[in-house]
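>>> how does the following fold in three dimensions:
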Amino acid sequence: MSSKRNEMGSKRKDGSSVFIISLIITSIFILWGVFFRDNLASVTNFLYGGTIDHLGWVYLVASLFFVVFSVFILFSKYGDIRLGKKTDRPDFKTPSWLAMLFGAGMGIGIVYWSVAEPVTHYTNPPTGEGFTTEAANTAMKYTFFHWGLDPWAIYTVIGLALAFFQYNKKLPAAISSVFYPVLGDRIYGPVGKSIDILSVFATVFGIATSLGLGAMQVTAGMHHIFGAPNTLVVQLIVIAVATVIFTISINTGLEKGIQFLSNAAMALSFLIMLLILIVGPTLTIVKTFMNTTGLYLTDYLQMSLRQTPFGGGEEWLASWTLFYWAWWIAWAPFVGMFIARVSRGRTVREFVLGVLIVPTLGTMLWMSIFGGSALELVHNGANGELATYIADNINLSIFTFFEQLPLGFFLSIVGFAVVVIYYITVADTATFVLGMLSERGTLNPSNKIKVTWGVIQSAVAAVLLFAGGLEVLQTASLIAALPFALIMVLMCFSLLKGLKSEL
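Predicted structure coming up:
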């Protein structure tokens, strides 16, 4: 009994050190951004350029590997393994489970980019001339690519690994636990703690990027609907108010607050999709879904390995594909930890189907409805000015799109509600997961820790906006994600070794 207490005390101490060190590093960054804003922007741009020029290919190869690995697991002999005891059954009904993992995995980003990205690619495609039929097809193809299999494969890998070692091997719900087959008891030492600290750091920047984008879109929605100023000051006020709201929400627990918000966001999302299907260009949407699915599957390998060895297109590749892959990887510890937390009792095959296949199809449908309708307006409607306006005013893109449709004001109100709910859900979920990460994998982190991380991640988002807006948000996310991409590759081999031991 005494040794058991000593072991538990040691783990709590490890968790405390992870929290303290992560907090110190993040606080230093915040102070850096507040007092040396120009220097922060200069350093992040320098590191960003070096990463893109010399190591951008790492993101592409790693992401493709995660897709191949996830598909292999889906059809492998490991598919019947249950996450947990053989008698365990899921804690959440499948619709709520899918709603929570979709809200955590995509959340506000899919609303922010669903119109802006296709139209921006249409005006400035990666290859060829803009404002053409070819550009429209390319725009949708790359939108599917950026939001399809790759991000969900990244989440599948880390979520499955965490769930398996947490529920089947009875290890702490920490990123370092995934490496037990390789590191053994060293996961409790400096190496394991370093992995957990890096996970927290990547998560903070990944979430801060989304919270920054979310604040920009919420402010744009307030400007469009209510006439509020669309300024940095208002964006910072939005972050502050949201922090108060989700700080209250996190005290209600996982089963109440997060599940309720996720279900509400999903219900409103379905309502918007249904309304656009009815009042929008229905036939174009159906054709867009079918045509783009074909293009996506046909050209998937070429897009996955696209580089520019002889020049031309480097800036586009860095601003879009490499940024997205870095963003998803930076999100991976947070999303993977959360998905693992809500997936006990499901089989490995059910997990992969639910995390990889179903969300990918749902995302493709969402992008077809919004992106297809938007391109119908700007291409078939020959409205080049509208396309240029949307591409130049990304924060307002979704609301500008709603304006062009019947029931436009009502859609704007519902869309604004979805943005706000997703914003709160992502922040709520992130504080929960950061608490787990920094308390050595506890399934129910203390409210004190969650509130602390809630304030910290909002502060990072505010600093990044203050330091330069979207550009700095993107560069910080890409830089923070690179080392974790390599960690995730090793994670796949560790997971495979663990699964083999289960048979």
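>>> contacts, neighbours, all on C-alpha from now
OK.
>>> helix or strand next in line after the helix or strand Gly49 falls within, which one?
If you go by DSSP states H and E, Gly49 is part of helix 37-75. Per DSSP H and E, the first helix or strand lying C-terminal to helix 37-75 is helix 94-105.
>>> how much space between Gly84 and Thr452?
Using Cα to Cα, to the nearest Å, we find Gly84 at a distance of 31 Å from Thr452.
>>> picking up where we left off before, counting contacts, what elements does the helix holding Gly49 pack onto?
Using 3 or more Cα pairs under 8 Å, 6 or more residues apart in numbering; DSSP states H and E, the elements in contact with helix 37-75 are helix 149-163, helix 300-304, helix 323-341, helix 348-352, helix 447-468, helix 470-502.
>>> tell me where the model's unsure across the stretch 51-200 of the chain.
107 (pLDDT under 70).
>>> redo the helices and strands packed on helix 37-75 as TSV? Include mean neighbour count and distance to Phe201.
Listed next are the helices and strands packed on helix 37-75 as TSV, based on neighbours: other Cα atoms under 10 Å; distance: least, Cα to Cα, whole Å:
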stretch	mean neighbour count	distance to Phe201
helix 149-163	28	16
helix 300-304	15	27
helix 323-341	28	9
helix 348-352	22	27
helix 447-468	22	10
helix 470-502	20	7
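>>> just send those back as a markdown table, with distance to Gly192 too.
Below are the helices and strands packed on helix 37-75 laid out as a markdown table (distance: least, Cα to Cα, whole Å):
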| stretch | distance to Gly192 |
| --- | --- |
| helix 149-163 | 14 |
| helix 300-304 | 31 |
| helix 323-341 | 14 |
| helix 348-352 | 25 |
| helix 447-468 | 20 |
| helix 470-502 | 12 |
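>>> go through these and name the closest to Arg37.
helix 447-468 (5.3 Å; Cα to Cα).
>>> how much does that closest one deviate in direction from helix 470-502?
Note on geometry: by axes from the mean of the first three to the mean of the last three Cα atoms, to 10 degrees, helix 447-468 and helix 470-502 are set 140 degrees apart in direction.
>>> now helix 447-468 against helix 37-75, angle please.
Here the directions of helix 447-468 and helix 37-75 differ by 120 degrees (the same axes, to 10 degrees).
>>> show me what helix 447-468 is packed against.
helix 2-35, helix 37-75, helix 190-226, helix 232-250, helix 408-438, helix 470-502.
>>> nearest to Tyr296, out of these?
helix 37-75 (14.1 Å).
>>> buried residues, the closest one. List them.
By neighbour count with 16 or more other Cα atoms under 10 Å, helix 37-75 contains the buried residues 37, 40-41, 44-45, 48-49, 51-52, 56-60, 62-67, 69-71, 73-74.
>>> excluding chain neighbours, what is closest to Leu268?
Once flanking residues are discounted, Leu268 sits nearest to Val418: 6.4 Å by Cα to Cα, 6 or more residues apart in numbering.
>>> hmm, Phe270 and that neighbour touching each other?
No: using Cα atoms under 8 Å, Val418 is not in contact with Phe270; the gap is 10.4 Å.
>>> which of these two has more residues huddled nearby?
Higher neighbour count among Val418 and Phe270: Val418, with 23 against 12, using other Cα atoms under 10 Å.
>>> the more buried one and Gly312, how far apart?
Distance from Val418 to Gly312, by Cα to Cα: 38 Å.
>>> check Val335 too.
In this view, Val335 and Gly312 are 34 Å apart by Cα to Cα.
>>> try Ser304
Using Cα to Cα, Ser304 is found at 17 Å from Gly312.
>>> re earlier: averaging pLDDT over each of the helices and strands packed on helix 447-468, which comes out lowest?
The minimum mean pLDDT among those belongs to helix 2-35 (a mean of 64).
>>> so who does Glu403 touch?
By Cα atoms under 8 Å, 6 or more residues apart in numbering, the residues touching Glu403 are 409, 412.
>>> do that again at 7 Å, thanks
Counting by Cα atoms under 7 Å, 6 or more residues apart in numbering, Glu403 touches Phe409.
>>> and what of Asn263?
Residues in contact with Asn263 (Cα under 7 Å, 6+ apart) are 96, 99.
>>> quick one: buried residues of the host helix or strand of it?
Counting by DSSP H and E, the element that carries Asn263 is helix 259-279. The neighbour-count check on helix 259-279 (16+ other Cα under 10 Å) flags 259-266, 268-269, 272-273, 276-277 as buried.
>>> the helix or strand hosting Thr293 packs against which elements?
Thr293 is part of helix 282-298, with elements assigned from DSSP H and E. Contacting helix 282-298 under the criterion 3 or more Cα pairs under 7 Å, 6 or more residues apart in numbering; DSSP states H and E are the following elements: helix 133-147, helix 358-375.
>>> contacts for that helix?
140-141, 144-145, 365, 368-369, 372-373.
>>> so which two of these are the farthest from each other?
Longest span within those, Cα to Cα: Phe145 and Ser373, 18.3 Å.
>>> can you redo the contacts of helix 282-298 as JSON lines with neighbour count?
Output for those, formatted as JSON lines (neighbours: other Cα atoms under 10 Å):
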{"residue": "Met140", "neighbour count": "29"}
{"residue": "Lys141", "neighbour count": "25"}
{"residue": "Phe144", "neighbour count": "28"}
{"residue": "Phe145", "neighbour count": "24"}
{"residue": "Leu365", "neighbour count": "21"}
{"residue": "Ser368", "neighbour count": "29"}
{"residue": "Ile369", "neighbour count": "26"}
{"residue": "Gly372", "neighbour count": "31"}
{"residue": "Ser373", "neighbour count": "24"}
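>>> of the residues you listed, which is the nearest to Cys492?
Phe145 (22.2 Å).
>>> wait, what's in contact with that closest one?
So Phe145 contacts Tyr296 (Cα under 7 Å, 6+ apart).
>>> same question for Ala99.
Ala99 neighbours (Cα under 7 Å, 6+ apart): 262-263, 266.
>>> out of the helices and strands packed on helix 37-75, which is closest to Val115?
helix 323-341 (16.2 Å).
>>> for the closest one, name the packing helices and strands.
Using 3+ Cα pairs under 7 Å, 6+ apart, helix 323-341 sits against helix 94-105, helix 149-163, helix 190-226, helix 408-438, helix 470-502.
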